[in-house]
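structure of the sequence below:
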Amino acid sequence: MNYQIELRHFNYFKVLAEELHFRKAAERLFIAQPGLTRQIKQMEEIYKVQLFERGKRYVRLTPAGQYLKEQVDSLFLELNNIQEHLEKIDKGIITSLKVGFIGSAAQSVLPKLLVVLNKEHPLIDISINEISNEEQIEQIHKNKLDIGFVRMHDQATTLNYLHVMTENFVLVVPKNSPISTDKELNFASLRKEKFILFSKEYSNHYYKLVMSIFEDHDFQPLVALRTVNAMSIFHLVAQGIGIAIVPKSLIQGYNIDVDFIDLKHLRQRTTLSIIWNKENNNPGIKTFLDTYNRLIHTNS
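The predicted model follows:
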């Protein structure tokens with residue numbers, strides 16, 4: 001049987017894998033249902049595996065089909081990226097970069113870096129989006145993001161990474177709080193305070209790191225609220241809802257009615273890193289990293 005896999009086969013497979021219904025998939029593809037069935041059967045004969053389990057009232061992906069779906073999703077994403085880059089080049093734009101970040105990156109290195117990139121490389125189209133650690137890592141694995149700014153262990157990802165800064169934490173308290181006047185703050189004395197914390201969904205590693213502060217002082221925090229947004233935390237603290245622990249770099253650039261207490265005497269440190277996927281061929285990644293390295297060396 002002299003069949004060859006063509007791009008249309010992958011497209012038919014992708015739509016059926018999303019719909020898990022031959023009639024609905026055929027309607028989306030504007031082809032007859034028997035034609036779709038025939039194309040899927042060709043794929044299974046070429047690969048010599050069953051891709052779908054078919055019942056009277058169900059269609060399910062087999063393990064082989066699930067694997068192929070993941071690969072095909074990546075393939076079409078890469079094809080879309082190629083088309084996007086071609087359109088940018090046709091308009092005179094070198095490339096486009098999708099950058100994810102967490103709040104503390106926006107208060108430290110990222111703004112300066114974007115200014116330099118915009119000045120020196122105006123033909124690179126850069127979009128930025130504040131995204132949680134976990135989602136950034138997932139999207140960079142899938143090449144939906146090109147660059148990420150995250151807080152994590154070195155071992156937390158198979159992606160390439162570059163350390164930006166390692167810093168201690170600060171305590172955020174309402175303005176003129178009695179806590180802020182304590183010159184020799186004993187963290188254990190805060191066991192009766194309510195805390196506003198970054199949620200676990202923001203970063204599992206970061207959450208565990210903050211919780212280890214409480215473990216070191218033998219108490220579990222009374223949690224008033226959890227959130228993923230630094231600005232929300234500061235406003236909630238200012239309203240007296242609770243107190244918070246944040247990386248020191250987050251105190252920059254905010255004009256909110258709170259006080260910050262340095263916790264440099266604690267052992268915990270958090271590291272901000274740039275991450276990227278070595279299999280991502282976007283030429284803008286190298287430009288971004290080269291600009292960052294030069295900026296850091298210039299300011300050091």
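
is Gly240 in contact with Pro174, as I believe?
Yes. Using C-beta atoms under 8 Å, Gly240 is in contact with Pro174, at 5.5 Å. Any C-beta I mention is one placed from the backbone N, CA and C, and that applies to glycine too.

comparing the two, which residue is more hemmed in?
Pro174 (18 against 11; other C-beta atoms under 10 Å).

quick one, phi psi at the nearest residue in space to His235 that is not next to it in sequence?
Distances taken as C-beta to C-beta, 6 or more residues apart in numbering put Ile256 closest to His235, at 6.6 Å, once the chain neighbours are dropped. The phi/psi pair for Ile256 (degrees, to the nearest 10) reads phi -120, psi 150.

contacts only, for Ile256.
Shown in contact with Ile256 (C-beta atoms under 8 Å, 6 or more residues apart in numbering): Phe234, His235, Ala238.

buried stuff in stretch 42-59?
Buried positions in stretch 42-59, judged by neighbour count with 16 or more other C-beta atoms under 10 Å: Gln42, Met43, Glu44, Leu51, Phe52, Val59.

narrow those to those in helices?
Of the positions in the buried residues of stretch 42-59, Gln42, Met43, Glu44 sit in helices, assigned by DSSP state H.

can you give me the helices for this structure?
With DSSP H as the criterion, the chain has helices at 7-19, 22-29, 33-47, 63-90, 103-106, 109-120, 133-141, 204-216, 230-238, 284-299.

could you give the mean pLDDT of the fourth one?
Taken as a whole, helix 63-90 carries a mean pLDDT of 85.

re earlier: reformat the contacts of Ile256 as a markdown table; add pLDDT, distance to Asn160 and neighbour count.
Below are those laid out as a markdown table (pLDDT from 0 to 100; distance: C-beta to C-beta, whole Å; neighbours: other C-beta atoms under 10 Å):
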| residue | pLDDT | distance to Asn160 | neighbour count |
| --- | --- | --- | --- |
| Phe234 | 89 | 33 | 22 |
| His235 | 90 | 36 | 16 |
| Ala238 | 91 | 39 | 16 |
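
now distance to Asn280 too, for those, in TSV please.
TSV is the format used below for the contacts of Ile256 (distance: C-beta to C-beta, whole Å):
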residue	distance to Asn280
Phe234	35
His235	37
Ala238	41
